[in-house]
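Trainee: Dropping a prediction and its sequence here:
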Amino acid sequence: EAGYRTIRPQDALAFLQGRAPLPDKALLLLFEGGRKDSLIAATPHLRAFGFMATMAIPTTCTRRWGSFYLHASDLKKFLRDPHWSLASMGHDALQPVTVGPDREGHFLSRRLWNDGRGEDDTAFRARIRGDFAAAARVIAEAGYTNTLAYCFPYADAGTAAESDPLAADAIAEALAAHHPLAFSRADDAYNGPDGDPLQLTRLPVAGTWDAATLIAELDKTAPRSEEVQGVGGPDNWSFTGAGEAVAWEYTGEGEIA
């Protein structure tokens, strides 16, 4: 009722690359974590309203049998539903790793601690590349060959203060090999037409929000246009130039509000 229309990752990419427009209030709806309850609970509503959603999956979870995570066998059924798209959250990237004596850190942005020291540059880069590649293989095995988007766990693309100095470069290198679209921030919902497809932001939705709260939060970062007042009539303006190059000059008195 608020006018939002859902899109797929390929729609977002085409827009950001200047190849196709989006509908007004376009919304890419993300479910992160590969949870079965997200699929089971959301699908009837997506079908009822003609909406689409994208599931971001940490693929190591698909190797586990259980009631919490989608299994690899579930992915094949899931991918037949036109209301869903798939995104990657890496293979083990969501899992913490040992980064020092009695300390843990993020998989992608910190060096693995082993035998009293951190891994060297070559091993660090190889581990990051390997995680992106492992996720891509699992998703391809399920029959999905168009995983455009990557959602960084913890919105950590290696640029935080505590990240290893090599992390951002190593992550960017691995990302470029597999995904043209990435959500690397989590501070608001709006991504404009000039946004970097590999530096997109998303809005975390609290489980306590009702529909009105969600709409209000989305509206906070929505683009706006406001009428300019006090510019005077046509007699106060002149222009020079031709074609697309036009220069306007205010020739009246006083300031423009």
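Mentor: It's in. The structure displayed is predicted, hence computed values, not measured ones.
Trainee: ranges for the strands of this structure?
Mentor: Ranges of strands within the chain are 5-6, 26-27, 30-32, 53-57, 84-88, 97-100, 103-105, 113-114, 117-118, 149-151, 181-185, 200-201, 237-242, 245-250, based on DSSP state E.
Trainee: Quick one: those strands as CSV, columns for distance to residue 75 and mean pLDDT too.
Mentor: (Glycine included, C-beta is placed from N, CA and C.) Converted to CSV, these look like this (distance: least, CB to CB, whole Å; pLDDT from 0 to 100):
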stretch, distance to residue 75, mean pLDDT
strand 5-6, 21, 96
strand 26-27, 24, 95
strand 30-32, 14, 93
strand 53-57, 8, 93
strand 84-88, 8, 92
strand 97-100, 26, 92
strand 103-105, 29, 93
strand 113-114, 32, 88
strand 117-118, 34, 88
strand 149-151, 16, 96
strand 181-185, 20, 94
strand 200-201, 24, 95
strand 237-242, 57, 63
strand 245-250, 54, 60
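Trainee: Please identify the deepest-packed of the ones you listed.
Mentor: strand 149-151 (a mean of 28; mean count of other CB atoms under 10 Å).
Trainee: helices and strands around that strand, which ones?
Mentor: strand 53-57, strand 84-88, strand 181-185 (3 or more CB pairs under 8 Å, 6 or more residues apart in numbering; DSSP states H and E).
Trainee: at 6 Å what do you get?
Mentor: Applying 3 or more CB pairs under 6 Å, 6 or more residues apart in numbering; DSSP states H and E, we find strand 149-151 packed against strand 84-88, strand 181-185.
Trainee: Tabulate the ones you listed (JSON lines), appending distance to residue 98.
Mentor: Shown next, in JSON lines, are these (distance: least, CB to CB, whole Å):
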{"stretch": "strand 84-88", "distance to residue 98": "24"}
{"stretch": "strand 181-185", "distance to residue 98": "24"}
